[in-house]
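Participant: Below are the sequence and a predicted model for it; my questions follow.
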Amino acid sequence: MYNKLLIIFFIFVFSSRSSSQNIVDLCVGETHNFSVPYNNGSTYNWWFQDNFITPINSGNGTEHILLKFDTTGLFKLFVEELHLNGCTGIDSVLIEVHDMPSPIISPFDDIHLCPDEIAIVNIQNSNQFNSFLWSDGSVESSLVINDSGQYSVLVSDIYGCTKLSDTINVNQDGPIFIDFSIDGLCVGSNTIFKSLSSSAGSAINLLRWDVGNNSYIYGDSMLYNFGFTGNYEVELFIETEIGCQKSLIKDFNIFENPQADFSYYPLSISTSNPELNLVNKSTNITNSTWVFDDTSYIFLENPIYKYEKPGLHEIKLIVKDVNECQDSILKNIIVYYDFIIYIPNSFTPNNDSNNDIFKPIGLRMDSYISYQFSIFNKWGEIVFSTDNYEDGWNGDEYPSGIYNWMLVIKDELGEIRKEVGSVNLLK
């Protein structure tokens, strides 16, 4: 009676597949409870065939035991029931201990994703496993990743053995912003391209410009001189430290420059008539800048300019059009020096504060490069001489009469001017 009960119990509890004898499938390292129905007055002995030794964690001598299998293989477990009345019964069960699955994620190393990039992670030999559970809840044999995080998978085989894979780290780089400015759209002048790009993740370590002639320029900005008008395009390509890439193409027009020109009148001006009328003859312009060599600037279209000094002067006209293209022209103007001087023909040194001193009086005398004023008696002897235009002759030591004088100056333009005459000394 007892033997029959034992056999029925084992078939019901441990059978997991059909064979000549019930087989219990276990996983290595797993702890399992084996038991038979309890009969009052019975004791139970458990052992393995061929004296296989595995620790019986608890329960030996009772109707149930707890076993842990640390090795794989096929084992046969026996149990013998001994009753007080002397009846005995024996039954057995086959136990197959299977190795744990070994899920290997591919790729093996940590993954760096660029913005908007995805990665597909696979399990090697996935057909060996019965089910999958990824750390994000996915249950497919492969995983599509589009965000930073740590990812692993728990797999199970046909025997119900499960194991968690190694973890891979996925780091998705921050977004890349790409843009550039274009300044200067005029033929024959430098066009400036400047990157406005930035990266919220790894740093940008490569910026490459393509101006469309199979040559590249590297750096945050570039200068390029377009020799012809027309439509062009430029591409900026950037790459971050981890290899993320992005590019942007912009098209633009290169325009013709305006033509600067001007005339002036009168054609000859001097220190006594120093005003010059300037006439802007440029075409298709939006603004004008007149630059004078005394660092003056005038922004009128047709200004009048008054010179303060004689000499060779430079006038530059800079014009711009609606596209900010510019042109300039330079012309030289000569302002002539007018030698305006007054020398009286008599003087009366009587200390009445009226015509007591004899000397030349003129304009801009302080601007002479050199000055020499001399007075001679009738025998040609010098009675007075000075190189200071502020000094004059008072005639106090000499008798009344006619005296000759000579004035020699070098004016502001470096020209030597000489004047002679006579004066009547009246006492």
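Facilitator: Good, I have the coordinates.
Participant: going forward, measure contacts and count neighbours with C-alpha atoms only.
Facilitator: OK.
Participant: So which helix or strand of the protein has the lowest pLDDT on average?
Facilitator: helix 2-14 (a mean of 35; mean pLDDT, DSSP states H and E).
Participant: average model confidence for the helix or strand just after that helix?
Facilitator: Reading on from helix 2-14 to the C-terminus, the next helix or strand found by DSSP states H and E is strand 23-27. Taken as a whole, strand 23-27 carries a mean pLDDT of 91.
Participant: Summarise which helices and strands strand 23-27 is packed against.
Facilitator: strand 88-98 (3 or more Cα pairs under 8 Å, 6 or more residues apart in numbering; DSSP states H and E).
Participant: Tell me how this protein divides into domains.
Facilitator: With domains defined by automatic domain parsing, the chain comprises 2-98, 105-172, 176-254, 262-336, 341-425.
Participant: Now render those as a markdown table, adding mean neighbour count.
Facilitator: Formatted as a markdown table, these follow (neighbours: other Cα atoms under 10 Å):
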| stretch | mean neighbour count |
| --- | --- |
| domain 2-98 | 16 |
| domain 105-172 | 16 |
| domain 176-254 | 15 |
| domain 262-336 | 16 |
| domain 341-425 | 15 |
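Participant: Least reliable of these by average pLDDT, please.
Facilitator: With a mean of 77, domain 2-98 has the lowest mean pLDDT of those.
Participant: from the chain's centre, how far out does that one sit?
Facilitator: Distance, stretch centre to chain centre, for domain 2-98: 74 Å (Cα atoms, centre = their mean, to the nearest Å).
Participant: do stretch 163-170 as well
Facilitator: 37 Å.
Participant: ditto for stretch 187-207
Facilitator: Distance of stretch 187-207 from the chain centroid (Cα atoms, centre = their mean) equals 6 Å.
Participant: again with stretch 314-321
Facilitator: Centre-to-centre, stretch 314-321 and its host chain are 35 Å apart (Cα atoms, centre = their mean).
Participant: again with stretch 182-196
Facilitator: Between the centre of stretch 182-196 and the centre of its chain there are 17 Å (Cα atoms, centre = their mean).
Participant: Convert that stretch to CSV, retaining C-alpha atoms only.
Facilitator: Taking Å, rounded to 0.1, in the frame of the first residue of the first chain, the C-alpha atoms of stretch 182-196 are listed here in CSV:
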residue,chain,number,x,y,z
ILE,A,182,27.6,85.7,-43.6
ASP,A,183,28.9,89.2,-43.7
GLY,A,184,30.0,91.0,-46.8
LEU,A,185,28.4,90.1,-50.1
CYS,A,186,30.4,92.2,-52.4
VAL,A,187,32.6,91.1,-55.4
GLY,A,188,36.3,91.5,-54.8
SER,A,189,36.0,92.0,-51.1
ASN,A,190,36.4,89.5,-48.2
THR,A,191,33.2,87.7,-47.3
ILE,A,192,33.3,86.7,-43.6
PHE,A,193,31.7,83.4,-42.6
LYS,A,194,31.4,82.9,-38.8
SER,A,195,30.1,79.8,-37.0
LEU,A,196,27.3,80.2,-34.5
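Participant: for Asp50, helix, strand, or coil?
Facilitator: The local conformation at Asp50, judged by DSSP: H, G, I helix; E, B strand; the rest coil, is helix.
Participant: In this structure Leu407 contacts Ser370, no?
Facilitator: No - contact criterion Cα atoms under 8 Å: Leu407 and Ser370 do not qualify, at 10.8 Å.
Participant: List the contacts of the closest residue to Ser385 other than its chain neighbours.
Facilitator: Of all residues not flanking Ser385 in the chain, Ser374 sits nearest, at 4.2 Å (Cα to Cα, 6 or more residues apart in numbering). By Cα atoms under 8 Å, 6 or more residues apart in numbering, the contact set of Ser374 is 382-386, 405-407.
Participant: tell me the SS of Ser374?
Facilitator: strand.
Participant: swap in the one 4 residues further on?
Facilitator: Under three-state DSSP, the three-state class of Lys378 is coil.
Participant: Excluding covalently adjacent residues, which one is nearest to it?
Facilitator: Here the residue nearest Lys378, using Cα to Cα, 6+ apart, is Tyr403, at 6.4 Å.
Participant: quick one: contacts for the one you found?
Facilitator: Contacts for Tyr403 were tallied using Cα under 8 Å, 6+ apart; they are 375-378, 422-425.
Participant: which residues does Asn45 bridge with?
Facilitator: Asn45 has these beta-bridge partners by DSSP bridges: Glu80.
Participant: How about Ser42, nearest residue that isn't a chain neighbour?
Facilitator: Ser42's closest residue in space is His83 (Cα to Cα, 6+ apart), at 4.2 Å.
Participant: ok, the one you found - contacts?
Facilitator: Applying Cα under 8 Å, 6+ apart, the residues contacting His83 are 41-43.
Participant: from those residues, which single one is nearest Ser263?
Facilitator: Distance to Ser263, by Cα to Cα, is smallest for Thr43 among the contacts of His83, at 130.5 Å.
Participant: Thr31 reaches Lys68, doesn't it?
Facilitator: Yes - counting by Cα under 8 Å, Thr31 touches Lys68, with 4.2 Å between them.
Participant: Could you provide the contacts of Tyr403 in a markdown table, with additional columns for distance to Thr88?
Facilitator: What follows is these, written out as a markdown table (distance: Cα to Cα, whole Å):
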| residue | distance to Thr88 |
| --- | --- |
| Ile375 | 166 |
| Phe376 | 169 |
| Asn377 | 173 |
| Lys378 | 176 |
| Ser422 | 170 |
| Val423 | 170 |
| Asn424 | 173 |
| Leu425 | 173 |
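Participant: quick one: the residue nearest to Lys378 from Val423, how far?
Facilitator: Going from Tyr403 to Val423 by Cα to Cα, to the nearest Å gives 5 Å.
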